[in-house]
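Q: model this:
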Amino acid sequence: MTRNEILEVAGKFYKPETITEREIAFARHMMNYEREACAKVCESIDMEAFGVLPVRAVMIANHCAAAIRARGNHE
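A: The predicted model follows:
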C-alpha cells in the first residue's frame, strides 16, 4: 500500500492531517505482518482434503504464498 492509500483509508477514521509518519510506518509494518501470516496459511493448507494430489497441492500453496508476499514488493 502506498502512503497515499494508507492516508485514504486512515482518513475514514482520523483527520488525514493528524496522521504522523510514525503511524504510517506502523500501518505498513502491520500490513507486512498480516501479509506474511496469510502466506503461511496458504503454505499450511492441507490440499489433500480437497482431493488435490500432494505434489500439485504444494505447488498451488507455494504459488498462492508467493503471490501474497509479492504484493509487498509493489508498494
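
Q: chain center to stretch 22-40, what's the gap?
A: The chain centre lies 7 Å from the centre of stretch 22-40; the measure is C-alpha atoms, centre = their mean, to the nearest Å.

Q: can you give me the helices in the chain?
A: Ranges of helices in the chain, per DSSP state H, are 3-10, 21-44, 54-70.

Q: Give me the angle between the first one and helix 21-44.
A: It stands for helix 3-10. Angle, helix 3-10 to helix 21-44, by axes from the mean of the first three to the mean of the last three C-alpha atoms, to 10 degrees: 90 degrees.

Q: For helix 3-10, buried residues please.
A: 6, 7, 10 (16 or more other C-beta atoms under 10 Å). All C-beta atoms are positioned from the backbone trio N, CA, C, and that covers glycine.

Q: Distance of residue 30 relative to residue 67?
A: 20 Å (C-beta to C-beta, to the nearest Å).

Q: and if you look at residue 39?
A: Using C-beta to C-beta, we find residue 39 at a distance of 9 Å from residue 67.

Q: quick one: low-confidence ranges for the chain?
A: By pLDDT under 70, the low-scoring segments of the chain are 46-53, 74-75.

Q: Find the residue closest to residue 71 in space, skipping its chain neighbours.
A: residue 35 (6.3 Å; C-beta to C-beta, 6 or more residues apart in numbering).

Q: what's the residue closest to the geometric middle of the protein?
A: By C-alpha atoms, centre = their mean, the mean C-alpha position of the chain lies nearest to residue 35, the distance being 2.4 Å.

Q: how close does it get to residue 58?
A: 20 Å.
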